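Enquirer: what shape does this take:
(chains A and B, ligands or ions: 2)
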Amino acid sequence: MTTTSSPTTPAGRPKQRPGDRVFAGSAKGAGILILVILAGVAAFLVTESLPALTAPADEIPGGEGLIAYVAPLIFGTLLAAALAILVATPLGVAIALFITNYAPRRLAQVLGYLVDLLVAIPSIVYGFWGIYWLAPKLVPLFQWLEQHLGFIPLFAGPASATGRTMFTAGLVLAVMILPIVSAISREVFLQVPALHREAALALGATRWEMIRMAVLPYGKSGIIGGAMLGLGRALGETLAIALVLSVSGGITFNLIGTGNPSTIAANIALQFPESTGIDVNTLIASGLALFVITLAVNVLARWVVNRRADFSGAN
Amino acid sequence: MAKRIDVSDLDIYYGNFKAVEGVNLSIEPRSITALIGPSGCGKSTFLRALNRMHEVIPGARVEGKVVIEGQDLYGADVDPVDVRRQIGMVFQRPNPFPTMSIYDNVAAGIRLNNKKMKKADLDDLVERSLRGANLWNEVKDRLDRPGSGLSGGQQQRLCIARAIAVEPDVLLMDEPCSALDPISTLAIEDLMAELKERFTIVIVTHNMQQAARVSEQTGFFNLNGVGQPGRLIEFNPTEKIFSNPEMKATEDYISGRFG
Ligand SMILES: Nc1ncnc2c1ncn2[C@@H]1O[C@H](COP(=O)(O)OP(=O)(O)OP(=O)(O)O)[C@@H](O)[C@H]1O
Ligand SMILES: [Mg+2]
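Expert: Ligands and ions are numbered 1, 2, ... in the order given. A predicted model of the protein is given here:
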């Protein structure tokens, strides 16, 4: 071994190549940029909501203080998003499984392409679809639910005659985020190494058992990631909700009634044009709440994914 | 129970590409059969046709007959899932389930076959299988750790443990020792000698000494040129192949005068 060909400098530190340095620098820059933008948004939200946070209760719209104003909005946001994710995740995963494991290759390609297209549809289209097509179609279902399952608080009724309920809003959101969830699930299912699938098949697993042994566990973090992206879109969705949901009430779990809580984003969109002074600050304070919720959801998802990182199959 | 395997006029295709042509051979129960031959001549392909793993690849198919203990493997009423439960396989590249613990990897096949086994019985079986694969001492303190955290050779032995845990009738091994050190290799060879009392074993190997050491019968595959199908050139008792082969090509290959 000769010292002349050694890649280390006399000090024993590895030699720095210009390409590496440029790349490391730009990657670091991009990372810092994201943090700066995030901090800027947070700072804006906090300073602009301070007047609302400190104002006397009777100056806040509704006259009962900030908490009373924002709480139903937070509740409505979480309820709509939870409904959407509950419906969209299993359905999206099922679609992705069908495309990757069951459909003939030609059909799978067409279906995959269609799903990708659905991601690009603007949300106002979903809103119109929900209000003009879906909502009237759901009215008989709501009446049936009220009659037969009315003892469950979710379906307590009285059933809305227009169909513009939390139930409908949740379904519209679910349809909206379904393409995201299934597109991302499909990508990770395609990444499952053939070796792992074959390991399961060679043990005598049926196709479904193979999916349970090899595909789903391997794709789990991807599924969660897709669901979180979908949840992000559902939490922040404005137009579709603003169009579909008929808002009047406070906090209620009644999904099919007439008195629904609004969501933060939809409420901002609807109220902002007519707001001035402290009302604007109140809306921005609700925006801060949405920001915090979204952050918390992402941290939670990260934690869930990392909990069993050793077993993720990424190593 | 060990089973005999009869193969007649077997052609194996990947789409339109004929990878293996016209194989005829019989494998005795409770014996070890070695398959040797140059890279790309279709040994793995042939092995995978014996437990219907070949057809998992899109467009792949076989023509001809494989009969296991009188039963036509490719008969219309035969479920490939049942076939694979009886005929275990160890792959050329180690493939433990990365999302499962070492314990669960070994138990995976048992859980498929027989869902309700007592925890204590399962523990026993996992230990026995890991001992059988000469891996127990290395992993007994970390059975709940992921299988993907093992070294390549340990992973391969884990796969062997997983395959033998279900007590298959036939065990197919595709170069099981190519990632192993000489000590583990010897351990696997001892294991094979032990297993052949109960199973029929078919092993693909590039190691002539190994074929000579462990097997009763040896099959030599070869191909005439690129794009040509591989063929079974000679199938004879191992002693004869290595001392006095019938075919010139066999002699050239085992004496290293190949190509
Ligand atoms: N999935 C596949 N699709 C198409 N062709 C394949 C596929 N797998 C193998 N082949 C082709 O089939 C032929 C036989 O391959 P096979 O893997 O059986 O060789 P082998 O004898 O096991 O080689 P090695 O000793 O290198 O493992 C080769 O020409 C190979 O290119
Ligand atoms: Mg091979």
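
Enquirer: could I get the CA-only coordinates of stretch B:209-226 as CSV?
Expert: Output of stretch B:209-226 as CSV, limited to C-alpha atoms (Å, rounded to 0.1, in the frame of the first residue of the first chain):
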residue,chain,number,x,y,z
GLN,B,209,-16.9,-31.1,-4.7
GLN,B,210,-20.2,-30.4,-3.1
ALA,B,211,-22.1,-32.3,-5.8
ALA,B,212,-19.7,-35.2,-5.4
ARG,B,213,-19.9,-35.2,-1.6
VAL,B,214,-23.6,-35.1,-1.0
SER,B,215,-25.5,-36.4,-4.0
GLU,B,216,-26.4,-39.9,-5.3
GLN,B,217,-27.5,-38.7,-8.7
THR,B,218,-26.1,-35.9,-10.8
GLY,B,219,-27.6,-34.1,-13.8
PHE,B,220,-25.5,-32.0,-16.1
PHE,B,221,-27.3,-29.2,-18.0
ASN,B,222,-25.7,-27.4,-20.9
LEU,B,223,-26.6,-25.1,-23.7
ASN,B,224,-25.3,-25.0,-27.2
GLY,B,225,-25.2,-21.2,-27.5
VAL,B,226,-26.7,-17.9,-26.6
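
Enquirer: chain center to it: distance?
Expert: 14 Å (Cα atoms, centre = their mean, to the nearest Å).

Enquirer: buried sites along it?
Expert: For stretch B:209-226, the neighbour count (16 or more other Cβ atoms under 10 Å in any protein chain shown) marks B:210-223 as buried. In short, each C-beta sits where N, CA and C put it, glycine included.

Enquirer: check what pLDDT residue 215 gets.
Expert: Let's take chain A. Listed pLDDT for residue A:215 reads 92.

Enquirer: meant chain B actually
Expert: 94.

Enquirer: test my guess that it contacts residue B:237.
Expert: No - between residue B:215 and residue B:237 there is no contact under Cβ atoms under 8 Å: 9.1 Å.

Enquirer: so where do the helices sit in the chain?
Expert: All of this refers to chain A. Under the criterion DSSP state H, helices of chain A are mapped to A:18-54, A:66-97, A:105-119, A:123-128, A:135-149, A:166-191, A:194-202, A:207-210, A:216-236, A:239-244, A:264-271, A:278-307.

Enquirer: my bad, chain B
Expert: Going by DSSP H, chain B shows helices at B:43-49, B:80-86, B:102-113, B:119-132, B:136-139, B:152-165, B:182-195, B:208-214, B:238-243, B:248-254.

Enquirer: is chain A within reach of the second one?
Expert: Yes - judged by Cβ under 8 Å from any Cβ of the partner chain, helix B:80-86 comes into contact with chain A through B:81, B:82, B:84, B:85, B:86.

Enquirer: what of the first one?
Expert: No - Helix B:43-49 does not reach chain A (Cβ under 8 Å from any Cβ); its nearest approach is 8.9 Å.

Enquirer: residues in contact with the residue in the stretch 51-200 of chain B positioned nearest to ligand 1?
Expert: Minimum separation of the stretch 51-200 of chain B from ligand 1 (Cβ to the nearest ligand atom) falls at residue B:57, amounting to 4.8 Å. If you count contacts by Cβ atoms under 8 Å, 6 or more residues apart in numbering or on different chains, residue B:57 has them with residue B:14.

Enquirer: for it, give its distance to residue B:49.
Expert: Here residue B:57 is placed at a distance of 11 Å from residue B:49 (Cβ to Cβ, to the nearest Å).

Enquirer: can you count the residues close to residue 239?
Expert: Going with chain A. A count of nearby residues for residue A:239, using other Cβ atoms under 10 Å in any protein chain shown, gives 17.

Enquirer: that answer is for a different chain, and I need it for chain B
Expert: Count around residue B:239 with other Cβ under 10 Å applied: 13.

Enquirer: and for the one 10 residues further on?
Expert: When neighbours are defined as other Cβ under 10 Å, residue B:249 has 17 of them.

Enquirer: what's residue 97 in contact with, if anything?
Expert: With no chain named, the answer covers chain A. With Cβ under 8 Å, 6+ apart, residue A:97 has these contacts: A:185, A:189, A:211, A:215.

Enquirer: not quite, I wanted chain B
Expert: Taking Cβ under 8 Å, 6+ apart, one finds A:196, A:199, A:200, A:213, A:214, A:217, B:104, B:105, B:108, B:147 in contact with residue B:97.

Enquirer: spell out which residues of chain B are next to ligand 1.
Expert: Chain B has residues B:14, B:17, B:19, B:39, B:40, B:41, B:42, B:43, B:44, B:45, B:57, B:92 near ligand 1, with proximity defined as Cβ under 6 Å from any ligand atom.

Enquirer: got phi/psi on the last one?
Expert: Spelled out, that is residue B:92. phi -60, psi -40 (degrees, to the nearest 10).

Enquirer: confirm for me that it is in contact with residue B:175.
Expert: Yes - counting by Cβ under 8 Å, residue B:92 sits close enough to residue B:175 to count as a contact (4.9 Å).

Enquirer: was I right about residue B:205 contacting residue B:211?
Expert: Yes - under the contact definition of Cβ under 8 Å, residue B:205 touches residue B:211, with a separation of 5.3 Å.

Enquirer: mind checking pLDDT for residue B:115?
Expert: 68.

Enquirer: and the lowest-mean-pLDDT helix or strand in chain B, how far from the chain's centre?
Expert: Least confident helix or strand of chain B, by mean pLDDT, DSSP states H and E, is helix B:182-195 with a mean of 85. Going by Cα atoms, centre = their mean, the spacing between the C-alpha centre of helix B:182-195 and its chain's C-alpha centre is 14 Å.

Enquirer: ok, now how distant is residue B:173 from residue A:41?
Expert: Taking Cβ to Cβ, one finds residue B:173 at 59 Å from residue A:41.

Enquirer: now compare the residues of helix B:80-86 next to chain A and name the two farthest from each other.
Expert: B:81 and B:86 (10.2 Å; Cβ to Cβ).

Enquirer: give the residues shared as contacts by the two.
Expert: residue A:204.

Enquirer: if we can go back for a sec, farthest-apart pair in the buried residues of stretch B:209-226, please.
Expert: B:213 and B:223 (26.0 Å).

Enquirer: how about residue B:55: what's its closest non-neighbour residue?
Expert: Spatial nearest neighbour of residue B:55, excluding adjacent residues (Cβ to Cβ, 6 or more residues apart in numbering or on different chains): residue B:61 at 6.4 Å.

Enquirer: one more: residue A:149?
Expert: residue A:155 is the one closest to residue A:149 (Cβ to Cβ, 6+ apart), at 4.6 Å.

Enquirer: report the contact partners of the one you found.
Expert: Residue A:155 neighbours (Cβ under 8 Å, 6+ apart): A:142, A:145, A:146, A:149, A:254, A:255, A:256.

Enquirer: kindly tell me how buried the fifth one is, as a neighbour count.
Expert: Looking back up the chat, that one is residue A:254. 22.

Enquirer: what do you get for the third one?
Expert: Applying the criterion other Cβ under 10 Å, we find 18 residues in the vicinity of residue A:146.

Enquirer: might one say that it is in contact with residue A:161?
Expert: No - Residue A:146 lies out of contact with residue A:161 (Cβ under 8 Å); the separation is 11.6 Å.

Enquirer: what about the closest residue to ligand 1 within the stretch 201-315 of chain A, distance to residue B:80?
Expert: At 14.3 Å from ligand 1, residue A:201 is the closest residue in the stretch 201-315 of chain A, using Cβ to the nearest ligand atom. As for residue A:201, its distance to residue B:80 is 8 Å (criterion: Cβ to Cβ).

Enquirer: between those two, which one's more packed in?
Expert: Higher neighbour count among residue A:201 and residue B:80: residue A:201, with 24 against 18, using other Cβ under 10 Å.
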